[in-house]
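*Asks:* Predicted structure and sequence below. I'll ask about it afterward.
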Amino acid sequence: MKKTMTIAVSVCISLLGFGCATTPEVGYGSPEQVETLSLDFGSTDLQLIAEKMVNSLLASPVVAGGRRPVFYIQTVRNRTDEHIDTRAVTDKIRVTLLKSGKVRFTAVSDVKDEIVNQLEFQTSSGMVDPATAKAMGRLVGADYFLYGELASIRKSAGRVKDVYYKFTLNLVNISNGLIEWADEKEIRKQAKKPLFGN
Amino acid sequence: MAGSTVRVLGFLALSCALALGGCASLENYTLRAAPARQYVAAGDFQRAAEVFPERSARGRNEVLIRLERGMLLHEQGRFKESFDELDLAWRRMKEYEERAVVSVSKTAAFAGTLAVNEQFSPYTGEDHEKVMLHAINAVNFLMLGDLEAARVEVLRAYAVQRELSERHPPQAPDTQGGEAGATWEDSLRRADAEGYRTVSAKAAQVMSPYHNAYASIVSALVYELTGEPGEAYIELKKAYEAFPASDYLANELLRLSAVLGYVEDRRAWELRFGRKAPPVETGASVVVFFSHGLGPTKEPVTLPIPLKNGVVFASLPVYRFTPSAVSHARVSVGGRSTVTSPILDIDAVAARTLMDTFPGLFAKQVARSFLKARAVSGMAHDRNGLGAFFGTLLAAATEQADLRTWSTLPKQIQASRIFVPAGERQVQVEAFPTGYRAAVEIPPGARCLVVVCRHTDAGLSVHSKSY
């Protein structure tokens, strides 16, 4: 009886003493490494979408002619039930397209005010050498307008949860309003609640 | 000897469970939240928030403390911080839900609730609170001017409501409780006749605790502002199913069915409400969400639970409702005025949630009382008077009803919409019968002004955002 009590008390004290003593392990990982920590939209999904869209767009006749058309891009609309930084998706697509060297982007969508302020400063402040000051009215107009949205459908049944993402991107010819190119990328993810665990 | 060892180990386990659970499992949450509720009633949301400091949002009560903090930050107009708190609460709730079917932590919590009391398990939020969390977050983003993020919360509110509706069958659960065949309703009625009558009367006012009209109305507003009036109309119809007595909903259904050109629907609503749809207005409108009072708190009630060999007494929570003298608010702009009408009664939704979960709580309580009674009887047999004394003392000390509930929610939420005559730049809100007033400027060019207004003893606390 006494022995049993001693063992039980020791176990309880050990639990109390060591139960919560943990330190997180931190390390570096490859950005390309597949991330499947949760069902939520993650870095791998972002890369899959950007890669598919860029490859599809670069293969389209709009870009293939070597004219290096000028694009205007609007931040992708988030129609999912997650707080997703769609700006990151937009940036990824823009940067990958720019790196291809086949298209150009106008910065007006992002920094219009800054550009206008700088032009006014250069032309009107009297502080900039007129020989180097950039003139008003020389900004390049965009040829195409790129816009898209990310939607999702989430379902669950029993221990299984399923999420379906659909990303759609459209390219509109600004001069005539025609959609010259569009594509979509679908991603489906599933998670199953484990039977046993912590 | 073996039986004696088991009983001693049983009490040792109980003591260890208590040690691990700390004071949290013996805390009376109603008493803890009382000062915060007093500050809220007095209109001092900042001091109310100090009752729930960030450092206390740890352990088993993290979700609850974050819900309280989120609400109080919302009332202070600190909408981003409110979202951060509520989002953390939601993430923690999700973690609890996503744990393995058979997990060490779940099993330990279950064993703890059987050995000690319900407060041994982590607070994961009442069903109606899970919906409210997203509805308030949608308003947080509305007030921040971030319609895309508000839309995310709207979708989450809908997903939670759908999931809860699917999880809970519409028919009433089995109410058989004690071994002697007594029902939980009988026991509750005998122990607290007035409490039972009030809670069941409130619960009867709610069609479904998993369908929140306030959440649907906020969703409808977000959809209208994002240019999706068709979605807004669907949300209004859902809100009407949940709260058909609301004048606000009648007005909105008439208005939007006319705006969308749904002639058949408009005629059906006109027939139902006994009045014509108003002419379609194209000017700016002001939408006011007016809340007053304080939601219910829980108090323990001691129930006799009949067993084969006698009766044991158990402590279970029931809601107590805080009265509010406020009836409505009048919203005036130019020569026009309208009154707010109820869209959500938190008392009723909470009561219905409790009534739905009570059978499960009662069954668990029967098991707990039985185990404790057996343990005390065993201690008395093995250790005579001293064993019985300590056994009874420990059993009584640990018998604590789970009084945790989101205590800073308002008692009732009302809404109204008024169209602004051309050239008018100020809207007045006046509460009745207190007469407290507030004026809100309508910025030039605004097509919609959203006003969130809470009534307190100090006056009206008002925040607004124009679109």
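*Replies:* Yep, that arrived.

*Asks:* Which residue ranges of the stretch 201-350 of chain B form helices?
*Replies:* Counting by DSSP state H, counting those that start in this stretch, the stretch 201-350 of chain B has these helices, from start to end: B:213-225, B:229-242, B:247-259, B:263-273, B:346-398.

*Asks:* got the ones you listed as TSV, with mean pLDDT, distance to chain A and mean neighbour count columns?
*Replies:* Just so you know, the C-beta spots here come from the backbone N, C-alpha and C atoms, and that holds for glycine as well. Converted to TSV, the helices of the stretch 201-350 of chain B look like this (pLDDT from 0 to 100; distance: least, C-beta to the nearest C-beta, whole Å; neighbours: other C-beta atoms under 10 Å in any protein chain shown):
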stretch	mean pLDDT	distance to chain A	mean neighbour count
helix B:213-225	97	11	27
helix B:229-242	95	11	20
helix B:247-259	97	21	22
helix B:263-273	96	25	15
helix B:346-398	75	11	19
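
*Asks:* Quick one: closest of the ones you listed to B:Met71.
*Replies:* B:Met71 lies closest to helix B:346-398 among the helices of the stretch 201-350 of chain B, at 11.3 Å (C-beta to C-beta).

*Asks:* next one: stretch B:41-55 to chain centre, how far?
*Replies:* Centroid separation for stretch B:41-55 versus its chain: 18 Å, with C-alpha atoms, centre = their mean, to the nearest Å.

*Asks:* Give me the next element, helix or strand, following the helix or strand bottoming out on mean pLDDT in chain A.
*Replies:* Within chain A, no helix or strand scores below helix A:2-18, which has a mean of 52 by mean pLDDT, DSSP states H and E. Later in the chain than helix A:2-18, the nearest helix or strand by DSSP states H and E is helix A:43-58.

*Asks:* Please enumerate residues in contact with that next one?
*Replies:* A:31-32, A:34-36, A:63-64, A:88-89, A:92-93, A:96-97, A:100, A:102, A:148, A:150, A:165, A:167, A:169, A:171, A:181, A:183, A:185, A:187, A:189 (C-beta atoms under 8 Å, 6 or more residues apart in numbering or on different chains).

*Asks:* Tell me which residue lies nearest the centroid of chain B.
*Replies:* Nearest to the mean C-alpha position of chain B, by C-alpha atoms, centre = their mean, lies B:Glu129 at 3.9 Å.

*Asks:* That one - nearest residue in space that isn't next to it in sequence?
*Replies:* In space, B:Glu129 comes closest to B:Trp406 once its chain neighbours are excluded; the distance is 4.9 Å by C-beta to C-beta, 6 or more residues apart in numbering or on different chains.

*Asks:* so the one you found sits right up against B:Arg66, yeah?
*Replies:* No: taking C-beta atoms under 8 Å as the definition, B:Trp406 is not a contact partner of B:Arg66, at 10.1 Å.

*Asks:* Need the overlap of contacts for the two.
*Replies:* Common contacts of B:Trp406 and B:Arg66, defined by C-beta under 8 Å, 6+ apart, are absent altogether.

*Asks:* How many residues are close by B:Pro244?
*Replies:* When neighbours are defined as other C-beta atoms under 10 Å in any protein chain shown, B:Pro244 has 12 of them.

*Asks:* which residues sit in contact with it?
*Replies:* B:Met207.

*Asks:* Need phi/psi at residue 132.
*Replies:* Just going to use chain A. phi -110, psi -10 (degrees, to the nearest 10).

*Asks:* that's the wrong chain, I meant chain B
*Replies:* Here B:Met132 shows phi and psi, under degrees, to the nearest 10, equal to phi -60, psi -40.

*Asks:* now B:Thr297: how far from chain A?
*Replies:* Applying C-beta to the nearest C-beta, to the nearest Å, the value for B:Thr297 to chain A is 32 Å.

*Asks:* coming back round to it: look at B:Trp406 and B:Arg66 and report which has more neighbours.
*Replies:* The residue with more neighbours, out of B:Trp406 and B:Arg66, is B:Arg66; 27 against 24, by other C-beta under 10 Å.
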